[in-house]
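Novice: give me the fold of what follows.
(chains A and B)
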Amino acid sequence: MLGPFLETLIGGLLTGVLYSLVALGFVLIFKASGVFNFAQGAMVLFAALTLARLTGEIDGREVHLANFVIAAAILGTALAFVGWYAWREYMARGGGPAERNRMAVLAVVGAVIGGAVAWFYGKGSWPLWVALPATAAIMGVLAYAIERLVLRHLVNQEGIILFMATLGIAYFLDGFGQTLWGSDIYKIDLGLPKAPIFLFEDVFPGGLLVEPGDLVAALIAGLLVVVLAIFFQKTRIGRALRAVADDHAAAQSVGIPLNTIWLIVWTVSGFVALAAGVIWGAKLGVQFSISLIALKALPVLILGGFTSVPGAIVGGLIIGAGEKLSEVFLAPILVRQFDLAGGGIENWFAYMLALIFLLFRPQGLFGERIIERV
Amino acid sequence: MSVTTPAPAPAANVIDVVNIEVIYNHVILVLKGVSLAVAQGSIVALLGANGAGKSTTLKAISNLLRTERGEVTKGHVLCRGERVDGLTPNDLVRRGVIQVMEGRHCFGHLTVEENLLTGAFIHGSKRRQIADDLEKVYHYFPRLRERRTSQAGYTSGGEQQMTAIGRALMSRPSTILLDEPSMGLAPQLVGEIFEIVKNLNEQEKVSILLAEQNTNVALRYAHYGYILENGRVVLDGDAASLRENEDVKEFYLGIGGEGRRSFRDVKHYRRRKRWL
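Specialist: Okay, here's the model as predicted:
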């Protein structure tokens, strides 16, 4: 009995991590602007579509994991150093509009040259290790466009107005992504080993079956959480993000540039959407239904609390594990008891749990308490 | 738009507001030509009743107006003789002009210390300087040191006002635009906060433009005062001369020219006025 139980639990937890990844994007934007970003699901879809198209997945190329990891690590470190250096220079000079423009032009020129070289090198499609940062850059541009065209005009407005704006962004992105990249079902191949891994074969008969793809996803999610938690709690920018979430006007009055902050936060949540899109895309294929997993993130957020990065993870784990366990162990009992056709608990379990939480603990497990003073 | 050459302002003024007109939402005319000056190192009080335009004037200087759909349609604002009306609030803070908003506006979910640190945002990662400034703020507001780890949302109104002023200090301002610091505070606490403001002015050489309804307290601490009514400056002068002015005494300090007047007379007078 213990063997199947553990197997279901592990499977559930690993799926839960994937929910957490989507939920993380929501938490980021909520923490930094106090807005529930309805467009997060659409951003996941957009990122996945972009990546699939840039890697030339339509031609069915294969990429191997080892190359990918090494290349991504090297590129990531290099980018981080360049970014860090540029930022220091920028801060040291006080950052007038002239420097700002020069840096922007430099970045665009670099991106175009690098992109063209890589494109020719890959004969019309990019290897994953170029496509990934390129997609990240596109998500950055998207964030800039959203800030420039939508958010900038809505400073100091009610939360509900910003929420409606994100609703609009969601529909736009769904359509725009598919217009740009096509609406076929693409496959993202991360080159992960397909064969399931069996753990503890000597303890349980047959061992515990684990999908390697899920393990990698769990690893990425764990890493993201640690980085983001440190970013929010310990850094200057993280503090500024939380300040903006609390009070736009006051943040502006102490010299925090709202536009920059929003650009940063939408870019970062674009990156998180990319991570989620890659992993979900590798699991289910890149298709429209990916944008609907945002709905699954909602109960995760209600459980974990809208403002908590660790909450998103714990919430995801609880929902993932609860879903699978209830499906395997609770469903047969219910079916026998009430003479039902059976199955389907997986689909509504999360929402039931969310409902219960809303009744008894609306701020979630880790959410900030709602401060009300008279 | 006519081309106006800004009058060369005396360099001794940190802020010059030259004949500004402010319109909200393209229709609501709030300021109808307000001019004022804040001399280096002085405390200037901006007095008036509700809706006279005090906060709007401050926001026009700090450029927070735009987020409230307000717009300076005429006149201009000078900071040390340079025009600043096109800048963002962030740029202004970098030039040393920072506003402490009406109603405190602390970041409720951040701790008191984190609130203070957000004020140092423009100073980037100069750790030493920020640590020193933090010490300085705790020196002026010892009470904040005790509450440093509590969430600002749960502190008292006075502590929140102190947090808001301390937060502004962290940006190393040369001028603080202080909007209604006495709002909702007990009289004793109002005195305490004004004492600290005065100390800041004397020891840190911070110039202060103070918008205040509490005329009595404001004129006790300020060097110079402007009185706004319906978006116009109706009276200005040294704090001492304003305190002695008969009209100010009657309308803002509540002391009639011939001493205290009986409330019954006032009522009688008004009733007659209304019905005849």
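Novice: CA atoms for contacts and neighbours, from now on please.
Specialist: Will do.
Novice: for chain A, what is the nearest residue in chain B?
Specialist: In chain B, the residue that lies nearest chain A is B:Asn90 (4.1 Å; C-alpha to the nearest C-alpha).
Novice: so how far is the host helix or strand of that residue from its chain's centroid?
Specialist: Using DSSP states H and E, B:Asn90 sits within helix B:89-94. Helix B:89-94 sits 17 Å away from the centroid of its parent chain (C-alpha atoms, centre = their mean, to the nearest Å).
Novice: what is it packed up against?
Specialist: Packed against helix B:89-94 by the contact rule (3 or more C-alpha pairs under 8 Å, 6 or more residues apart in numbering or on different chains; DSSP states H and E) you find helix A:248-253.
Novice: which strands or helices does the next helix or strand after the helix it packs on pack on?
Specialist: Next helix or strand after helix A:248-253 toward the C-terminus (DSSP H and E): helix A:258-284. When contacts are defined as 3+ C-alpha pairs under 8 Å, 6+ apart, helix A:258-284 packs onto helix A:2-33, helix A:40-54, helix A:128-149, helix A:236-246, helix A:248-253.
Novice: turn those into CSV, including mean neighbour count.
Specialist: Listed next are the helices and strands packed on helix A:258-284 as CSV, based on neighbours: other C-alpha atoms under 10 Å in any protein chain shown:
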stretch, mean neighbour count
helix A:2-33, 24
helix A:40-54, 29
helix A:128-149, 20
helix A:236-246, 22
helix A:248-253, 23
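Novice: closest to B:Arg95 out of these?
Specialist: Nearest to B:Arg95, of all these, is helix A:248-253, at 13.0 Å by C-alpha to C-alpha.
Novice: which non-adjacent residue is nearest the residue in the stretch 251-374 of chain A positioned nearest to chain B?
Specialist: Closest residue of the stretch 251-374 of chain A to chain B, C-alpha to the nearest C-alpha: A:Gly255 (4.1 Å). Residue nearest to A:Gly255 in three dimensions, not counting chain neighbours: B:Asn90, with 4.1 Å by C-alpha to C-alpha, 6 or more residues apart in numbering or on different chains.
Novice: which residues touch the one you found?
Specialist: Residues near B:Asn90 by C-alpha atoms under 8 Å, 6 or more residues apart in numbering or on different chains: A:Gln252, A:Ser253, A:Val254, A:Gly255, A:Ile256, A:Pro257.
Novice: give the buried residues for the strand or helix carrying B:Arg220.
Specialist: For B:Arg220, the host element (DSSP H and E) is helix B:215-221. Across helix B:215-221, burial judged by 16 or more other C-alpha atoms under 10 Å in any protein chain shown covers B:Thr215, B:Val217, B:Ala218, B:Leu219, B:Tyr221.
Novice: do the same with stretch B:237-255
Specialist: Buried residues in stretch B:237-255 (16+ other C-alpha under 10 Å): B:Ala239, B:Leu242, B:Arg243, B:Glu246, B:Asp247, B:Val248, B:Lys249, B:Tyr252, B:Leu253.
Novice: what about the last one, which SS state?
Specialist: The reference is to B:Leu253. Using DSSP: H, G, I helix; E, B strand; the rest coil, the secondary structure recorded for B:Leu253 is coil.
Novice: close to chain B: what parts of the stretch 101-250 of chain A are there?
Specialist: A:Val155, A:Asn156, A:Arg236, A:Arg239, A:Ala240, A:Arg242, A:Ala243, A:Asp246, A:Asp247, A:Ala249, A:Ala250 (C-alpha under 8 Å from any C-alpha of the partner chain).
Novice: what's the lowest-pLDDT member of the residues you listed?
Specialist: Of all those, A:Asn156 carries the smallest pLDDT score, 69.
Novice: get me the contact residues on chain B for chain A.
Specialist: Residues of chain B lying close to chain A (C-alpha under 8 Å from any C-alpha) are B:62, B:64, B:67-68, B:89-94, B:98-101, B:105-110, B:114-115, B:118-119, B:121-122, B:124-125, B:153-154, B:167-168, B:171.
Novice: which among these end up buried?
Specialist: If we count by 16+ other C-alpha under 10 Å, the residues of chain B next to chain A have these buried: B:62, B:64, B:67, B:89-94, B:98-101, B:105-110, B:114-115, B:118-119, B:121-122, B:153-154, B:167-168, B:171.
Novice: what residues sit buried inside the helix or strand where B:Glu135 lies?
Specialist: Per DSSP H and E, B:Glu135 falls inside helix B:127-140. Of the residues in helix B:127-140, B:Ile130, B:Asp133, B:Leu134, B:Val137, B:Tyr138, B:Tyr140 count as buried by neighbour count, 16+ other C-alpha under 10 Å.
Novice: alpha carbons of that helix, in PDB - could you do that?
Specialist: Only the C-alpha atoms of helix B:127-140 are listed here, as PDB (Å, rounded to 0.1, in the frame of the first residue of the first chain):
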ATOM      1  CA  ARG B 127      26.100  51.100   1.800                       C
ATOM      2  CA  ARG B 128      28.200  53.300   4.100                       C
ATOM      3  CA  GLN B 129      26.300  56.500   3.300                       C
ATOM      4  CA  ILE B 130      23.000  54.700   3.700                       C
ATOM      5  CA  ALA B 131      24.000  53.300   7.100                       C
ATOM      6  CA  ASP B 132      25.100  56.700   8.300                       C
ATOM      7  CA  ASP B 133      21.900  58.300   7.100                       C
ATOM      8  CA  LEU B 134      19.900  55.600   8.900                       C
ATOM      9  CA  GLU B 135      21.700  56.400  12.100                       C
ATOM     10  CA  LYS B 136      21.000  60.100  11.600                       C
ATOM     11  CA  VAL B 137      17.300  59.500  11.100                       C
ATOM     12  CA  TYR B 138      17.200  57.400  14.300                       C
ATOM     13  CA  HIS B 139      19.000  60.200  16.000                       C
ATOM     14  CA  TYR B 140      16.300  62.700  15.200                       C
END
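Novice: what's next to that helix, contact-wise?
Specialist: For helix B:127-140, the external contacting residues (C-alpha under 8 Å, 6+ apart) are B:Leu116, B:Leu117, B:Ala120, B:His123, B:Leu144, B:Arg145, B:Gly166, B:Leu169, B:Met170, B:Ile196.
Novice: what element comes up after that helix heading to the C-terminus?
Specialist: Downstream of helix B:127-140 (by DSSP H and E), the next one is helix B:142-146.
Novice: any idea how far the residue nearest to A:Gly255 is from B:Asp179?
Specialist: Remark: distance between B:Asn90 and B:Asp179 (C-alpha to C-alpha, to the nearest Å) = 18 Å.
Novice: now A:Val254, nearest residue through space, not along the chain?
Specialist: Nearest residue to A:Val254, sequence neighbours excluded (C-alpha to C-alpha, 6+ apart): B:Gly119, at 5.5 Å.
Novice: A:Leu180: neighbour count?
Specialist: Residues lying near A:Leu180 (other C-alpha atoms under 10 Å in any protein chain shown) number 12.
Novice: can you list the low-confidence ranges for the chain?
Specialist: Looking at chain A here, since you left the chain open. For chain A, the stretches with pLDDT under 70 are A:1, A:56-82, A:85-104, A:106-126, A:156, A:191-194, A:199-207, A:341-343, A:369-374.
Novice: let me rephrase: I mean chain B.
Specialist: Short version for chain B, where the test is pLDDT under 70: B:1-11, B:256-276.
Novice: where do the strands sit along it?
Specialist: Applying DSSP state E to chain B gives strands spanning B:13-24, B:28-39, B:43-47, B:70-79, B:82-83, B:97-100, B:175-179, B:207-212, B:224-229, B:232-238.
Novice: again, but for the stretch 251-374 of chain A
Specialist: Using DSSP state E, counting those that start in this stretch, the stretch 251-374 of chain A contains no strands.
Novice: for it, which segments count as helices?
Specialist: For the stretch 251-374 of chain A, the helices defined by DSSP state H, counting those that start in this stretch occupy A:258-284, A:293-304, A:309-325, A:331-338, A:345-360.
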